[in-house]
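Peer 1: need the 3D shape of this:
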Amino acid sequence: MEAKRREELRQAEKRKIFKGDFGARRGKFREREHEPGEVTAIDEARIERELGTDLQRQIEVEPFGRAFFLKGEDISASLETVSAPSSYVLGPGDALKIIIWSELGDETVYDVTVNPEGQVYIPILGIMRVAGQTVGQFQETVLGTLAAKFPHFKGQVTLSKVRTLQIFMAGEVRRPGAMMVSALATAFHALYRAGGPTDRGTMRRIRVLRGAQPIAEIDLYEYFLNGDKSQDVNLESGDTIFVPPVGGRVTIKGEVIRPGIFEILAEKTLADVLAMAGGIDASAYTGRVRVFRWQGGSRRLIHDVGAGQDGGALASFQIRPGDEIEVERAIEEVGNRVRIQGAVLRPGEYAATPGTTVSQVIAKAGGVAAEAALGAGQIIRKLAEGREEILTFHLGRALEKRPEDDLPVKAYDRIKIFFANEIEADTKRVTIAGAVRRPGEYILRKGMTIRDLILLAQGLTADASGEAEVASAKDSVRGSDVRRVTLEQLMKNPKSPQNLVLNPLDKVNVFSRGDRLLEPETVILAGEVKRPGPYALRHPGETLREVIARAGGLTSRAFPEGAVFMRRVAKVAPESQIQAAERVREELYQQATLDLQADLLRAGASLPAEKDKVAPVRPIDKTILADSPAIENNESTPTSVGETSQFAGLGYSSRSLATEAVRIPIRLAEILKQGSGRREEDVVLEDGDQITIPAIPTTVSVVGAVVSPTTLPYRERKGPRHYIDLAGGFTSFANHARTVVVKPNGEVLPLRRVREIARGDIILVPPKARLVRPDKLKDAGQIAQILGNLAVMYKVVVDLN
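Peer 2: Numbers count the residues shown, from 1 in each chain. Purely as a prediction, here's the structure:
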């Protein structure tokens, strides 16, 4: 049997045929064609899960009446505030308030509670029997006794607190067990507090038992459907409310007023159960009601029942427990509509009756727009087998109601009214270029002139020369007709003969002036100059020496050897050259990475794992280079853009070539030396240049592969070795041959070319690149530590340049 079941599942997966009719309405399961030779695992659980999920999605209904009990609020407090009816019978636990007063105005109040024997004690009257009487009857008893003993006294009895009862909830109820309720509570109250029947419990055959005898049977559907509470009964202590299992049920879904799962008792026909669901909705398809029924416990059958106006078929069709009834939705397509679109005031759908014409639909749509093309319109009409035909009419004649063009329309027709620019040649445009604020293509309006087009382009730019050319289109043989106009005349006088009327496809070219000094070019002097600030260049070719002279010269604290000269990249090299250099630099980095990794592997070392890679090399500690004008000015340049990369598994930081400004080393002290003619070192300034002259530094920095990298006080006429010794000397892995001195102006010199160290110099000692055998490596982090120092020299040198 199990093997047979597996085979059936395998065949169902192969053919994508599932039992039942779950996908009949919306096409639930999407088929997937297997490739030839593909091995398909038969996942029985997945198939069964898809079937169950689809069934649940189709149902989307709940047992009728469940929503009534969902809140499950405690109604005991509300019952305490309800006045007891006059028929309420007193019993043990009830609290009474007895007020007695005399004709002289004296008043006495007694609060008493009925004891288990059904009695109360009133001090002036003694013990009195209460149980079995209503409040009114007991008050008459009290007044009679009072009149016999004290003729001048009067009294009143009220119920101050109702006793509580213990009842029991049993069967298919959500909160079974003992329950304390008010003596005013009824069976409905108790069911509500208990959360109502479970999904397995009946709502139509609920029994109330007193002792072993049933005193009532409740059908909640009478209350839910008709508001009838006549079945409700008052409870007494010890009563039991029993909810049996549910009987036969049917499921009703689709286009009905109240979809749900309904329990059936006396209902026998399809019309009966649809009435419980509130009837068929107006949006329902009345051609049929589908009934799915289990046949023989092994398969489901479908029955189509007509839902005509008389309802005879519904009243004669007998239902069975387990039936699933579905009322389909009618097709939402409007059967008498036509759609109009395009150049009308209110496009959309409109009703079409036999004999309705194009002009009548256009009138309903508010008429045609001013931009409509009167020469043509279309009707797209649906034909059989999904085909369409197009009927063309002359819009202008249709609006005149000429029969040959004012065509009759049919349901589902689409009327297309064209805008003029949709069907006319695209020639109603002109172009303006050159010295205007918004050059480009503009729509040609009737009577548009050159002046109008310039104003549309937001006017002339500052470098406009005052002349323009208008090129008009001609055929390919004769070429273009070019006319030159003077802008000054036509801009002042719109009626000037120079202000030509434009034709379709005309092109207006506004010429620029040949000079370039239209706006002042400025440079910035900062730092130790007497009058720092921006300075406009007086003429092309003005030099740094001339501008510093205009600024009053340097201050007494100035350090010209450390001057920082920054220039915009666009002034140094064209963008295409910078991009090419960037590509070459990146390729060199990648190749160097591969080469170094290969060397590591050949040496038997293992590369650091991703988690062990060192962080990007940080800039040199500010405490070491605090007095270095080169570093100080470089850090203060907001235009520098850094990048972080990975080099052979090690982090390094480099500066991209594509920065907004670059530093150019200059020898300002040489430039400012006295002498009449122009010196070779002097720099011709460009717009945007920035020159910063720092104060005189007092330190020298030693960084890199020394015992104690540090910053030291400057000493006159001391060589590099003096400062290296003060820093503890070279380490064992220091690269003596590649040690460099970074000058304050950004120049980098080999150590062998420097005899004396100047103020603000940085001595940079790089490490040697060494590969250590694997047996001497403790972990991959040592590789990073050894090779990571290689990036330090590169970082500092590039940052300074």
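
Peer 1: could you report the neighbour count for Gly260?
Peer 2: 20 (other CB atoms under 10 Å). Heads up, the C-betas are built off the backbone N, CA and C, glycines and all.

Peer 1: now swap in the one 3 residues further on and tell me
Peer 2: Residues near Glu263, counting by other CB under 10 Å, number 24.

Peer 1: may I have the phi/psi pair for it?
Peer 2: phi -90, psi 140 (degrees, to the nearest 10).

Peer 1: what pLDDT does it get?
Peer 2: Reported pLDDT at Glu263 in the predicted model: 93.

Peer 1: bridged to it, which residues?
Peer 2: Listed by DSSP bridges, the beta-bridge partners for Glu263 are Arg249.

Peer 1: who's in contact with it?
Peer 2: Listed by CB atoms under 8 Å, 6 or more residues apart in numbering, the contact partners of Glu263 are Pro63, Phe64, Thr202, Met203, Arg204, Tyr221, Val246, Gly247, Gly248, Arg249.

Peer 1: rerun at 10 Å
Peer 2: 63-65, 197, 201-205, 219-221, 246-250, 276, 321 (CB atoms under 10 Å, 6 or more residues apart in numbering).

Peer 1: so which of these sit within helices?
Peer 2: Judged by DSSP state H, helices contain the following of those: Leu220, Tyr221, Met276.

Peer 1: most neighbours among these, which one?
Peer 2: Leu220 (22 neighbours).

Peer 1: buried stuff in stretch 459-478?
Peer 2: Going by neighbour count (16 or more other CB atoms under 10 Å), the buried part of stretch 459-478 is Leu460, Asp463, Ala464, Ala468, Val470, Ala471, Ser472.

Peer 1: dump it to PDB, restricted to CA.
Peer 2: This file holds the C-alpha atoms of stretch 459-478, laid out as PDB (Å, rounded to 0.1, in the frame of the first residue of the first chain):
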ATOM      1  CA  GLY A 459      19.600  85.200 -21.700                       C
ATOM      2  CA  LEU A 460      23.200  85.700 -22.800                       C
ATOM      3  CA  THR A 461      26.300  84.700 -20.800                       C
ATOM      4  CA  ALA A 462      28.900  87.200 -19.800                       C
ATOM      5  CA  ASP A 463      31.200  86.200 -22.700                       C
ATOM      6  CA  ALA A 464      28.600  86.700 -25.400                       C
ATOM      7  CA  SER A 465      30.200  88.600 -28.300                       C
ATOM      8  CA  GLY A 466      27.100  90.400 -29.500                       C
ATOM      9  CA  GLU A 467      26.700  88.500 -32.800                       C
ATOM     10  CA  ALA A 468      24.900  85.400 -33.700                       C
ATOM     11  CA  GLU A 469      24.200  83.300 -36.800                       C
ATOM     12  CA  VAL A 470      20.800  81.800 -37.800                       C
ATOM     13  CA  ALA A 471      21.000  78.600 -39.900                       C
ATOM     14  CA  SER A 472      17.800  77.700 -41.700                       C
ATOM     15  CA  ALA A 473      17.200  74.200 -43.000                       C
ATOM     16  CA  LYS A 474      17.000  73.600 -46.700                       C
ATOM     17  CA  ASP A 475      17.200  70.500 -48.900                       C
ATOM     18  CA  SER A 476      20.400  68.400 -49.100                       C
ATOM     19  CA  VAL A 477      21.400  69.900 -52.500                       C
ATOM     20  CA  ARG A 478      21.300  73.600 -51.600                       C
END
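
Peer 1: ranges for the helices of the stretch 401-550 of the chain?
Peer 2: 420-423, 450-456, 487-492, 544-550 (DSSP state H, counting those that start in this stretch).
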